[in-house]
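Student: Okay, sequence plus prediction incoming.
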Amino acid sequence: MANPVVNGGKVRVEALQTVVPTKPTDPRQSCRITVSQNAGSAAVLQRRFHLLLCYNKGSSEDSGWLVAGQIKESFGRVLQDYPLLAGRLRWCDADLEIVCNDSGTRILETKAEMALAAFVKMEDKREDEAELVFWEDLLQHTPQFSPLFYVQVTNFTCGGYSIGISCSILLGDPFTLTTIIKKWATLHTSIFPSNEIPQIPIFYLPNHGPPPSSTSLPIGSNTTKHITAESLIFNFPANILNSDNNITHKHLAAFCIEEAKRETGRKLAPNLSLLVQVPSEDDRVEVCSREGLLECSKLDHGAEGVSFTRAWDELELDKICFSEGNKPIYASCWINSMVDEVCVIIAPSTDQGLHIVVTFT
């Protein structure tokens with residue numbers, strides 16, 4: 001049976017807007033990303049984190065069209081504190097750099113010709129979810145022209161709507177990015193409280209009418225093929241990288257890959273991309289063979305207290321409300337996958353330990 005969203009072509013883009021910080025970023029900031037010599041492939045640029053939140057219609061006035069118009073204001077304020085999201089990548093010699101140049105994020109308003117409940121009840125909807133989180137691939141040689149953060153608000157026929165977010169993992173790890181999104185949702189509800197009759201925002205698409213059919217935008221027109229991916233999230237205790245135990249990020253990555261292989265019983269891809277995000281250092285991206293990584297000595301000690309999960313429960317996506325009291329009826333997140341390449345993200349946790357996310361097909 002054909003999936004109603006993807007194969008039926010039922011999601012249409014109705015509008016596309018750019019959101020910039022409400023105040024210019026001054027002084028201009030930047031973030032350097034050290035890239036290994038063999039990490040120059042386009043795959044490094046196309047890694048992204050997707051988050052999907054689905055909401056029932058909260059009130060007679062509530063709608064995705066209203067939320068999309070409000071988002072332009074609330075997210076503009078968020079970008080004042082997180083201007084990196086509105087920046088652009090550029091090659092700096094052999095490395096990458098994100099420059100906070102206020103070029104902006106993108107917000108898409110789309111319409112799905114189906115009820116939200118029908119979508120939520122679908123058993124296998126990962127490919128359909130991909131239609132609700134817009135992304136356009138970064139240009140390999142000229143990435144400075146490509147946004148790094150997208151928001152897609154989709155209206156369903158029942159009045160329910162979804163908010164889909166796609167962002168480059170070069171902006172941050174999933175835990176950091178989700179924390180920013182939670183702060184955004186909190187700010188949004190403070191600006192637009194649900195106990196007040198909402199004012200129609202300036203950018204309210206129904207007031208402007210639908211675009212001519214000849215100019216409707218094709219969705220997913222420039223994206224890498226969607227591949228179903230699975231992630232295992234490992235949590236390491238604080239001080240795991242204490243200099244006394246001679247454990248490095250590569251040791252931890254090698255350990256997690258072997259554990260993922262053992263736990264899933266699957267043969268993992270031969271190559272991997274390793275993204276290390278440590279606050280005291282520049283971010284680092286490396287692409288290497290799995291065999292080369294596993295040449296690192298195995299953990300003889302220091303693996304005590306390590307736990308892992310297949311779920312993103314720690315993100316608490318079900319608590320993200322853009323309208324007070326209107327919790328998501330469905331929430332999902334994932335990191336996109338690439339053929340023949342495992343993705344390993346190493347990032348700090350709030351308890352001074354480490355999160356390590358292994359993503360594979």
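Tutor: Sure thing, it's come through.

Student: Going by C-alpha atoms from here, please, whenever you check contacts or count neighbours.
Tutor: Fine.

Student: Now do Gln46 against Trp135, distance only.
Tutor: 9 Å (C-alpha to C-alpha, to the nearest Å).

Student: Of the two, give the one with the bigger neighbour count.
Tutor: Of the pair Gln46 and Trp135, Trp135 is the one with more neighbours under other C-alpha atoms under 10 Å, namely 28 against 24.

Student: In three-state terms, label that one for me.
Tutor: coil (DSSP: H, G, I helix; E, B strand; the rest coil).

Student: The helix or strand hosting Arg12: how far from the chain's middle?
Tutor: Take DSSP states H and E as the rule and Arg12 turns out to sit in strand 11-19. With C-alpha atoms, centre = their mean, to the nearest Å as the basis, strand 11-19 stands 18 Å off its chain's centre.

Student: helices or strands up against it?
Tutor: The contact analysis (3 or more C-alpha pairs under 8 Å, 6 or more residues apart in numbering; DSSP states H and E) places strand 11-19 against helix 64-81, strand 105-112.

Student: how about 10 Å then?
Tutor: Using 3 or more C-alpha pairs under 10 Å, 6 or more residues apart in numbering; DSSP states H and E, the elements in contact with strand 11-19 are helix 64-81, strand 105-112, strand 149-156.

Student: Out of these, which gets nearest to Ile180?
Tutor: helix 64-81 (8.4 Å; C-alpha to C-alpha).

Student: re earlier: ranking the helices and strands packed on strand 11-19 by burial, who's on top?
Tutor: strand 149-156 (a mean of 26; mean count of other C-alpha atoms under 10 Å).

Student: List the strands paired with the next helix-or-strand element following it, with their directions.
Tutor: Proceeding C-terminally, strand 149-156 gives way to strand 161-168 as the next helix or strand, assigned by DSSP H and E. With DSSP bridges as the test, strand 161-168 is paired with strand 48-55 (antiparallel), strand 149-156 (antiparallel).

Student: nearest to Asn239, of the ones you listed?
Tutor: That would be strand 48-55 among those, by C-alpha to C-alpha, at 27.2 Å.

Student: average model confidence for stretch 96-109?
Tutor: For stretch 96-109, mean pLDDT is 94.

Student: circling back: and the strand holding Arg12, what's buried?
Tutor: Neighbour-count burial for strand 11-19 flags Val11, Arg12, Val13, Glu14, Ala15, Val19 (criterion: 16 or more other C-alpha atoms under 10 Å).

Student: Identify the residue nearest the geometric centre of the protein.
Tutor: Phe49 (2.6 Å; C-alpha atoms, centre = their mean).

Student: Once you drop chain neighbours, what's closest to that one?
Tutor: Spatially, and ignoring its direct neighbours in sequence, Phe49 is nearest to Ile335 (4.6 Å; C-alpha to C-alpha, 6 or more residues apart in numbering).

Student: any idea how far Ala185 is from the one you found?
Tutor: With C-alpha to C-alpha as the criterion, Ile335 and Ala185 are 21 Å apart.

Student: Save the helices and strands packed on strand 11-19 as TSV, and put in distance to Tyr55 too.
Tutor: Conversion of the helices and strands packed on strand 11-19 to TSV gives the following (distance: least, C-alpha to C-alpha, whole Å):
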stretch	distance to Tyr55
helix 64-81	9
strand 105-112	14
strand 149-156	10
